[in-house]
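Novice: have a look; sequence and predicted model below, questions after that.
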Amino acid sequence: MAMLTVKNENFFEYKFIFRNNLLLLSDTNKLPEDSVMQKCIDFQLAKDMFSESSHNYTTLHLEENSPTPQNHKWVPLRSVFAENAIFSPIATRAIALLNWRNKTRFCSSCGSLLHDDKFETARFCANCGNIFFLL
């Protein structure tokens, strides 16, 4: 259940792109294709990105001023829940972890930058060894 920072084009089945609490969907209400994910990475629009193989998804968190890709729209996450989309629970996990990672960037003991744990959904401090779990 480790979070893996995305470094290449190996995206999982579910691809989530968030801007704040808005989810990017195509005009036909489908999740973005690999090419859209890759363009967001290539143009350095993502402020955070990771994958969880155990949940079969890759997610990006875009900067607030990021443009909307052609033939796509930003949809409030709550409206996705209302439609009972099959990916709703996974999208919820993805945005929760993105928000947690954004708020848990530095060690509260020594101030060093935190890193993703290789084995658990956690962040660790390479400097002092503290491990931080999502509550």
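Specialist: Happy to help now that I have it.
Novice: residue 68 and residue 74 touch, don't they?
Specialist: Yes - using C-beta atoms under 8 Å, residue 68 is in contact with residue 74, at 6.3 Å. C-beta: built from backbone N, CA, C; applies to glycine.
Novice: now for those two: what residues contact both?
Specialist: Both residue 68 and residue 74 are contacted by residue 24, under the criterion C-beta atoms under 8 Å, 6 or more residues apart in numbering.
Novice: which other helices and strands contact the helix or strand of the chain with the lowest mean pLDDT?
Specialist: Within the chain, no helix or strand scores below helix 77-82, which has a mean of 90 by mean pLDDT, DSSP states H and E. Here helix 77-82 touches strand 22-26, helix 88-103, going by 3 or more C-beta pairs under 8 Å, 6 or more residues apart in numbering; DSSP states H and E.
Novice: list the buried ones in that helix?
Specialist: Buried residues in helix 77-82, counted by 16 or more other C-beta atoms under 10 Å: 77, 80.
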